[in-house]
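Engineer: Below are the sequence and a predicted model for it; my questions follow.
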Amino acid sequence: MAALQWSAELALDQPLMDATHEEFVALLQAVQQAGDEALPAAWDTLVAHTADHFAREDAWMAATRFTAGNCHTLQHRTVLQIMREGAAQAAAGDLAVPRAMAAELAVWFPQHTQAMDAALAQHLRRVGFDPATGTVHAPEALPAEPIHGCGGACSSSETPEAAAAAA
């Protein structure tokens, strides 16, 4: 399988987010190209980067009124837990597990970026959030109710049924 490449299709016009995503892609490439001796350390580096990456995005969501249980944050937790299990397998000498996980991450990451992260980037722009400082420049644009779900059409405290009835 070809390694995931950074491309304009992955860019979200959020410089800090895009730089972090580009680093993720480079670290994933390093894992995919690593020999057996280097693989555990390369995987550990990717896991550490991903933990920071997801924590940063989760903090941005919390600062802009996403609920802690939104599906974007839950997906971060799940993926990171699985990656940490891969690190344990690599440390135990089973390199097939992180290699398979790297192949799956190369498929998952563009989908996650183009769906969930794109919605987050749009939300951050709408509320004037500066990821570098944590400042919300348009607090009046913050949602009145915390965002549930994935940040899409039915992401408020409103149920899908109520949203459909209002439409």
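Structural biologist: Sure thing, it's come through.

Engineer: Buried residues, the longest helix along the chain. List them.
Structural biologist: If you go by DSSP state H, the chain has its longest helix at helix 39-63. The neighbour-count check on helix 39-63 (16 or more other C-beta atoms under 10 Å) flags 39-40, 42-44, 46-47, 49-50, 53-54, 57-58, 60-61, 63 as buried. Backbone N, C-alpha and C define where each C-beta goes, glycine included.

Engineer: between those, which is closest to Ala106?
Structural biologist: Leu46 (11.6 Å; C-beta to C-beta).

Engineer: count of neighbours near Gly69?
Structural biologist: Other residues within reach of Gly69, judged by other C-beta atoms under 10 Å, total 10.

Engineer: Would you agree it is in contact with His148?
Structural biologist: Yes: using C-beta atoms under 8 Å, Gly69 makes contact with His148 at a distance of 7.3 Å.

Engineer: Need the three-state assignment for Leu4.
Structural biologist: Secondary structure assignment for Leu4 (DSSP: H, G, I helix; E, B strand; the rest coil): coil.

Engineer: Show the contacting residues for it.
Structural biologist: Val25, Leu28, Gln29, Gln32, Leu105, Ala106, Phe109, Pro110 (C-beta atoms under 8 Å, 6 or more residues apart in numbering).

Engineer: Tell me the spacing between Met61 and Ile147.
Structural biologist: Met61 sits 8 Å away from Ile147, going by C-beta to C-beta, to the nearest Å.

Engineer: Ala103 too?
Structural biologist: 32 Å.
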